[in-house]
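Enquirer: give me the fold of what follows.
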Amino acid sequence: MRLDAVVLADALREPATTLQLDAEGWIALITIARSEQLLGTLARRLAGLDVPAAVQVILDEARTNAEYHRRSALWEADCARRALKNIVGKVVLMKGTAYVAAGLKAGEGRHIGDLDIMVAHDKLAPTEAALLAAGWEWVKPDPYDDAYYRNHMHELPPMIHKERDRMVDVHHTILPLTARPRPDAQGLLNDSVMLNNGLYVFSPADMVIHSAAHLFADGELDGGLRNLWDVHCLLSEFADESFWQELRSRAEHHELWSAVHRAARLAHRLYGTEIPKAWLAARWRDILSISRMTARDDWGRGTRKVLRFIFYVRGHWLRMPRALLVRHLWVKWRRV
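Expert: Here you go, the predicted model:
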């Protein structure tokens with residue numbers, strides 16, 4: 001039995017591999033899946049397999065919880081739609097809510113936390129006012145945090161509804177303003193696709209690009225297996241012969257080809273995603289990325305602390321210039 005999260009990647013890639021697990025193996029798999037917020041996805045993948053009775057109970061409960069998350073996400077999106085009905089311009093759903101609203105495979109069994117939406121930068125003020133009027137309030141009232149979000153981030157400070165206790169993150173682009181890549185925010189909005197309820201989701205290519213950007217260019221690979229599974233599902237559902245050329249061209253336009261290429265390679269390696277042969281050439285960083293994403297023991301605890309710290313520093317380095325990073329870490333350290 002592997003003592004890292006590769007056992008989870010194997011189960012998602014080929015569910016029949018779980019039939020070889022003993023009791024300890026099942027405990028490890030379920031614990032790691034729960035830690036990675038992939039238990040609902042795993043439960044969907046294992047549907048119909050002859051698993052131990054105790055495991056079946058857990059998987060049934062996970063499927064029920066995933067359906068609750070799906071319904072809650074759609075309800076929260078509709079609440080936001082009604083709150084923003086007088087805002088002129090597109091309101092684009094992002095991440096998990098977008099996947100379930102569009103009926104995509106990436107949404108099947110997916111854990112969904114916050115509601116993430118994107119509006120044009122010049123619509124931030126009316127969007128903020130409308131949400132506050134509809135019952136949302138600030139999560140981070142601290143003046144430094146508020147100013148940091150408004151001056152440097154790709155989103156407003158997070159808001160939470162005072163009755164439903166659900167959070168919304170309002171984006172105006174997909175990466176922090178301090179990040180090295182500068183995606184075309186207006187292009188993302190222009191090419192977005194309208195759903196039946198009047199809300200929008202990114203175009204297929206932009207959806208893949210955003211998922212890859214969220215995985216590599218905007219973090220330290222926390223939740224990496226889940227985000228990479230999103231990439232796998234999106235590529236598997238959208239990709240045809242013409243899509244790959246469109247995806248590369250679009251990724252280069254958004255200055256995110258490196259992240260998209262890397263995400264596709266890792267999805268192929270961990271989940272068996274079919275990608276063009278020309279995209280397969282491995283990079284030495286791929287090994288480190290996979291090691292970081294699978295850094296769990298059989299109790300679901302994070303391992304490889306040094307590697308985790310390296311990626312933590314890298315995540316901040318990608319998001320901030322050196323002077324801003326030093327100042328930000330100094331302010332945060334003084335509050336500890």
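Enquirer: which element is residue 210 on?
Expert: helix 204-212 (DSSP states H and E).
Enquirer: which elements pack onto that helix?
Expert: helix 95-101, helix 224-238, helix 241-253, helix 257-271 (3 or more CB pairs under 8 Å, 6 or more residues apart in numbering; DSSP states H and E). For every residue, glycine as well, the C-beta is placed using N, CA and C.
Enquirer: and those: which comes nearest residue 170?
Expert: Residue 170 sits nearest to helix 95-101 of all those, at 13.1 Å, using CB to CB.
Enquirer: who touches the following helix or strand past that closest one?
Expert: Sequence-wise, the next helix or strand downstream of helix 95-101 (DSSP H and E) is strand 115-118. If you take CB atoms under 8 Å, 6 or more residues apart in numbering as the criterion, strand 115-118 is touched by 73, 76-77, 80, 91-95, 97-98, 166-174, 185, 188-189.
Enquirer: looking at the residues you listed, which are in helices?
Expert: Of the contacts of strand 115-118, the ones assigned to helices by DSSP state H are 73, 76-77, 80, 95, 97-98, 185, 188-189.
Enquirer: could you save these as a markdown table and add columns showing distance to residue 178, pLDDT and neighbour count?
Expert: Formatted as a markdown table, those follow (distance: CB to CB, whole Å; pLDDT from 0 to 100; neighbours: other CB atoms under 10 Å):
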| residue | distance to residue 178 | pLDDT | neighbour count |
| --- | --- | --- | --- |
| 73 | 29 | 96 | 26 |
| 76 | 29 | 97 | 19 |
| 77 | 29 | 97 | 23 |
| 80 | 27 | 97 | 25 |
| 95 | 21 | 95 | 25 |
| 97 | 26 | 97 | 27 |
| 98 | 25 | 98 | 29 |
| 185 | 15 | 97 | 19 |
| 188 | 19 | 98 | 25 |
| 189 | 21 | 98 | 22 |
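Enquirer: please name the bridge partners of the nearest residue to residue 95 once chain neighbours are set aside.
Expert: The shortest distance from residue 95 to any non-neighbouring residue, by CB to CB, 6 or more residues apart in numbering, is to residue 116 (4.9 Å). On the basis of DSSP bridges, residue 116 is bridged to residue 169.
Enquirer: neighbours of residue 116, how many?
Expert: 23 (other CB atoms under 10 Å).
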